[in-house]
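1. what follows is a predicted structure for the sequence shown.
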Amino acid sequence: MKSIRFLYPEGRVKALTMSYDDGVFDDIRLIEIFNRYQIKATFHLNAGVMGQGKRIPESEICKVYDGHEISCHSYFHPFMERIPRAAMLNEILDCRKKLEALSGQMVRGMSYPMGTFNGEVKNVLRNTGIVYSRTTLSTERFGFPDDWLEWHPTCHHNSNILAKAEVFKNVQQNFSLFYVWGHSYEFENNNNWEMIEEFCAAMSGYENIWYATNIEIYDYVVALRRLEFSADCSLVFNPSAMDIWLSVDGAPVKVAGGAFCHLQ
Ligand SMILES: [Zn+2]
């Protein structure tokens with residue numbers, strides 16, 4: 001029997017994704033840093049309060065978030081589990097519709113406002129086309145959720161990410177994911193922009209790391225989990241439209257979308 005392991009696109013073995021909430025002006029400075037180091041992020045926005053206070057106005061959303069993922073954070077930022085079910089539906093659907101209209105892109109991701117949710121909120125999400133939702137509970141690990149509607153990140157950016165960056169770069173397990181979340185205004189409030197810059201510098205430029213948005217990670221992992229293998233794993237079928245990469249006895253193999261592949 002061959003040794004088969006999951007890989008990221010182009011045979012990469014690790015992935016980094018960033019996740020920032022509330023859509024404030026400080027996102028602009030954060031995105032400049034991410035872009036300088038070619039790091040990809042997801043920004044979770046509240047469609048009903050754009051342009052209020054420090055929040056970026058509707059007219060600038062497209063330009064500011066170009067190259068990164070725009071995702072829901074609810075319409076008005078309520079505690080989702082403390083409002084009527086019909087209001088939950090409107091919070092998500094109205095947020096999706098407006099973000100999609102503004103961005104011209106499909107919006108399928110979310111992070112929970114204040115990080116709170118319950119089973120009923122999750123049921124509503126399933127009925128509104130939201131495929132993943134990030135919590136604020138740190139796993140302190142580099143793995144994946146069983147339930148994408150409870151996608152717990154590795155940690156908040158204040159949780160010693162410079163030390164974790166070194167740990168992550170040294171982990172031997174294939175298919176690790178480092179998932180960092182926060183708010184860009186925290187760098188302004190805490191006067192520690194240099195910390196995220198240092199983190200991005202430390203993490204960037206590695207050929208074996210995939211720098212991806214939250215939804216890119218989700219879509220790839222879901223497609224990967226749809227692979228069908230023969231019992232001895234010598235034959236694999238990829239029913240998705242996306243190319244998937246495996247390590248077979250240590251060598252990277254591409255399983256093209258829609259194709260069967262013999263793992264020799
Ligand atoms: Zn928030």
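-> Thanks, I have it.
2. for Thr17, list each beta-bridge partner.
-> Tyr179 (DSSP bridges).
3. need the CA coordinates for stretch 51-68. CSV is fine.
-> Provided in CSV are the C-alpha atoms of stretch 51-68 (Å, rounded to 0.1, in the frame of the first residue of the first chain):
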residue,chain,number,x,y,z
GLY,A,51,-19.8,54.6,6.4
GLN,A,52,-20.7,55.0,10.1
GLY,A,53,-17.9,56.0,12.5
LYS,A,54,-14.7,54.3,11.5
ARG,A,55,-16.4,52.0,9.0
ILE,A,56,-15.5,52.1,5.3
PRO,A,57,-18.3,53.6,3.1
GLU,A,58,-20.0,51.5,0.5
SER,A,59,-18.5,53.4,-2.4
GLU,A,60,-15.0,52.3,-1.3
ILE,A,61,-15.6,48.6,-0.5
CYS,A,62,-14.6,47.3,-3.9
LYS,A,63,-11.4,49.2,-4.2
VAL,A,64,-10.2,48.7,-0.6
TYR,A,65,-10.7,44.9,-0.5
ASP,A,66,-9.5,44.2,-4.0
GLY,A,67,-7.6,40.9,-4.1
HIS,A,68,-9.0,39.7,-0.7
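4. now that stretch: average pLDDT?
-> Per-residue pLDDT over stretch 51-68 has a mean of 97.
5. one more: stretch 137-152?
-> 97.
6. who does the residue nearest to Gln105 when sequence neighbours are not counted bridge with?
-> Nearest non-adjacent residue to Gln105, counting by C-beta to C-beta, 6 or more residues apart in numbering: Ile70, 6.6 Å away. C-betas here are computed from N, CA, C, even on glycine. Ile70 has these beta-bridge partners by DSSP bridges: Phe43.
7. can you get me a residue count around Asp27?
-> 25 (other C-beta atoms under 10 Å).
8. without its sequence neighbours, what residue ends up closest to the residue of the stretch 51-200 of the chain found nearest the ion?
-> The stretch 51-200 of the chain approaches the ion most closely through Pro113 (4.8 Å), counting by C-beta to the ion. Distances taken as C-beta to C-beta, 6+ apart place His77 nearest to Pro113, at 4.4 Å, with adjacent residues excluded.
9. sounds good, over and out.
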